[in-house]
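Trainee: pasted the sequence and its predicted model underneath.
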Number of protein chains: 2
Amino acid sequence: MRAMHSLDNKIQLAHGGGGRLSSILINDEIVPRFGKGPLTGLPDAATLGPISGKIVFSIDSYVVSPYKFNGGNIGNLAVHGTVNDISVSGGRAKWLSIGLILEEGFSVSKLQLILDSIKSSADECGVEIVTGDTKVVKKGQCDGIYINSSGIGEKIKDFHLSKSRLSEGDAIIVSGNIGDHGMAILSVREGIDMGNGPVSDTASVQNLVLAIQQYALQVKFMRDPTRGGVAAVLNEIVSGTKVGVTLDSNKIPVSPEANALSEILGIDILNVACEGRMILICDKGVANNILSIWKSLPEGRNASILGYINNEAQRVILKTITGGSRLVDVPTGELLPRIC
Amino acid sequence: MRAMHSLDNKIQLAHGGGGRLSSILINDEIVPRFGKGPLTGLPDAATLGPISGKIVFSIDSYVVSPYKFNGGNIGNLAVHGTVNDISVSGGRAKWLSIGLILEEGFSVSKLQLILDSIKSSADECGVEIVTGDTKVVKKGQCDGIYINSSGIGEKIKDFHLSKSRLSEGDAIIVSGNIGDHGMAILSVREGIDMGNGPVSDTASVQNLVLAIQQYALQVKFMRDPTRGGVAAVLNEIVSGTKVGVTLDSNKIPVSPEANALSEILGIDILNVACEGRMILICDKGVANNILSIWKSLPEGRNASILGYINNEAQRVILKTITGGSRLVDVPTGELLPRIC
């Protein structure tokens, strides 16, 4: 911390320049948190494994605004998001890389908070941060901090996930309340003080996937409903197929906090991002087994079979509470920019 | 291209929102270039391999300004930089991920140029773009485009690279002229029209590494001199060791163009970034063999043994043309922000 304090606790351009200040930033902030294992000696690349199965590889950039919100910050998101992409692809996440883009003047104490969150989230998910990179841009050239994370996992061999396997009657299960992440962001951004407002669901879904491996062969598809929410993900899943989706509005789990805020703001909760939920489509014969396993886990306690695959090609239909039905379309515009 | 044209050829926030415009961007621009192999069907993560050896994993963000320069653009850099980090870690690069952060209003035709460069560079390097992500931020929240790339390679088993193996007399070889990349950026940025000015060296060093595998056991360390240039990299290599470096200024290869500009601007070329060069340290017994292999390759034709490992712990010393010597220190400040 020596040199960081002498720098008024602000990130400077030279922290990203490859010279002495870069070394200080790395040695003071990165090495103490992540500098064991493959990061020892700070090589240009990490040497890992080998692993016996197929490799699952994913990348995501995080630009969430504000960087901190009820339930987490951009650091948790960067870990959970990439772990979740690997998980819903039928992988067990093992190693992550973190690329930081920092704005000149960004507070070092904020950076420390974010790095602490990256560390604790990675520990909770059982993944290791093995390589990284830091760039600094001038004031006005980014909005504080952007993070990129990519990750490597090992394929769990019994998952054979393909939209082409979907057929009428398959069950669609969601692992918990939807839309809490987007609503938590929106409540900060709009300055709405709700007392006990929505709390982001940012979390890993890895355990949910590992817990149902015995039914892997009957699982046909998995995805996490992030940007665009459940509506976008379900439309994407049936796009290009001969099947559609019927959703039962009585079975869509929503927290009272997210529900209240969505009504105040007139936003359809089906369009709102989650960052710690997953959607799973399986043979109806195993749906209740998977549901009961999930409901026994803390991260799955609100899981619900919220719909079924139908034969109406590429249509997502919602059966409403009043008994009617409406089409659930993909949001066209940018409902919530920088939600993740 | 249908919808892109109707959007005035500018990136909009909704292109990153996960809805319909996101799909159009992906389907029009990403799928035609990269949508075969593991990217088919646009999964959240790519399923790859397996590979038999150890895994080499690297990440870098690219924020270069301007995004386009003499000899390349941010797209080439994003591919070469990550391929090179894997290469100098003794790996054979196989798969890359690309994360785009775009600013609202960024030109679609510029994006197309960059994506074309990513595609052609990847093809030249023999790597596949297998997964990706696109985020869009508001005007004023990034400077046009930032790219993150991460990559997976397979470890070449005979390379055992460690600073701890360095000992007095080891030869230090550079694969070509130094500083051309930084000088090419600087010439655009400063608006210096030099007629035939410096051309960025952005390129892959993968072939240089593959070509000398027969001497892998005698190679002790490799690194690419990017940010901070040869000076920063050599200081970093000897940092924490009991050895130092002696450089012979007569043996440092520099192009006439970069040399002229560095003299005009008063910049030490040793501090200037390359993006297609590598430094290799080996047993002196094989140095000439490696040199002659490299000189037979187009990307190594200006290779040179530019110095030796000495016993002066953690010091990098330059023997000057006049017969004197001076210490080559790490640059402290930010010589050239956003060089890569």
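Mentor: Here it is on my side, so go on.
Trainee: measure A:S65 to A:S162 for me?
Mentor: 35 Å (Cβ to Cβ, to the nearest Å). Bear in mind the C-beta positions are built from the backbone N, C-alpha and C, glycine included.
Trainee: sorry, that was for A:S292
Mentor: 26 Å.
Trainee: please apply the same query to A:G153.
Mentor: From A:G153 over to A:S162 (counting by Cβ to Cβ), the distance is 18 Å.
Trainee: more crowded one of those two?
Mentor: Shown here are A:G153 and A:S162; by other Cβ atoms under 10 Å in any protein chain shown, A:G153 has more neighbours (29 against 10).
Trainee: and that one, bridged to which residues?
Mentor: On the basis of DSSP bridges, A:G153 takes part in beta bridges with A:V56, A:A93.
Trainee: contact partners for it?
Mentor: Counting by Cβ atoms under 8 Å, 6 or more residues apart in numbering or on different chains, A:G153 makes contact with A:I55, A:V56, A:F57, A:S58, A:I86, A:S87, A:S89, A:G91, A:R92, A:A93, A:K94, B:A45.
Trainee: what is the nearest of those to A:H181?
Mentor: Set against A:H181, the nearest of the contacts of A:G153 by Cβ to Cβ is A:S87 (16.4 Å).
Trainee: doesn't the closest one fall inside a helix?
Mentor: Yes - remark: A:S87 belongs to a helix, assigned using DSSP: H, G, I helix; E, B strand; the rest coil.
Trainee: tell me the pLDDT at it?
Mentor: Reported pLDDT at A:S87 in the predicted model: 98.
Trainee: isn't it right next to A:R277, touching?
Mentor: No - A:S87 is beyond contact range of A:R277, at 11.5 Å (criterion: Cβ atoms under 8 Å).
Trainee: overlap of the contact sets of these two?
Mentor: Applying Cβ under 8 Å, 6+ apart, one finds that A:S87 and A:R277 are jointly contacted by A:V205, A:D224.
Trainee: of all of the stretch 151-300 of chain A, which residue lies closest to chain B?
Mentor: A:R227 (2.8 Å; Cβ to the nearest Cβ).
Trainee: which secondary structure state does that residue sit in?
Mentor: Three-state call for A:R227 (three-state DSSP): coil.
Trainee: just give the nearest non-adjacent residue to it, would you?
Mentor: B:G18 (2.8 Å; Cβ to Cβ, 6 or more residues apart in numbering or on different chains).
Trainee: where does pLDDT dip in chain A?
Mentor: A:1-8, A:193-195, A:332-335 (pLDDT under 70).
Trainee: interface residues of the stretch 151-300 of chain A facing chain B?
Mentor: A:152-153, A:155, A:161-163, A:223-224, A:226-229, A:232, A:236, A:239, A:273 (Cβ under 8 Å from any Cβ of the partner chain).
Trainee: derive a ChimeraX selection command for the buried subset of the residues you listed.
Mentor: A single ChimeraX command suffices to select whichever of these are buried according to 16 or more other Cβ atoms under 10 Å in any protein chain shown:
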select /A:152,153,155,161,163,223,224,226,227,228,229,232,236,273
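Trainee: so A:I173 sits in a strand?
Mentor: Yes - A:I173: assigned to a strand according to three-state DSSP.
Trainee: let me know the secondary structure of the closest residue to it other than its chain neighbours.
Mentor: Closest residue to A:I173 apart from its sequence neighbours, by Cβ to Cβ, 6+ apart: A:L280 at 4.8 Å. Look at A:L280: counting by three-state DSSP, its state is strand.
Trainee: A:L280 contacts A:Y215, correct?
Mentor: No - with contact defined as Cβ under 8 Å, A:L280 does not count as touching A:Y215 (9.5 Å).
Trainee: overlap in contacts, those two.
Mentor: A:I290.
Trainee: now the closest residue to A:A273 other than its chain neighbours: which helix or strand?
Mentor: In space, and not counting its chain neighbours, A:A273 is closest to A:G182: 4.2 Å by Cβ to Cβ, 6+ apart. In this assignment (DSSP states H and E), A:G182 forms part of helix A:180-189.
Trainee: ok, then the element right after that helix?
Mentor: Per DSSP H and E, the first helix or strand lying C-terminal to helix A:180-189 is helix A:206-211.
Trainee: against which helices or strands is that next one packed?
Mentor: In terms of contacts (3 or more Cβ pairs under 8 Å, 6 or more residues apart in numbering or on different chains; DSSP states H and E), helix A:206-211 is packed against helix A:74-88, strand A:91-103, helix A:284-295.
Trainee: any idea which of these is most buried?
Mentor: Ranked by mean neighbour count, these are led by helix A:74-88 with a mean of 29 (mean count of other Cβ atoms under 10 Å in any protein chain shown).
Trainee: can you get me a residue count around A:L327?
Mentor: For A:L327, using other Cβ under 10 Å, the count is 11.
Trainee: what residues are up against A:N310?
Mentor: Residues near A:N310 by Cβ under 8 Å, 6+ apart: A:E168, A:V243, A:G244, A:V245, A:T246, A:I317.
Trainee: who's the fifth one bridged to?
Mentor: Which is A:T246. On the basis of DSSP bridges, A:T246 is bridged to A:Y308, A:I317.
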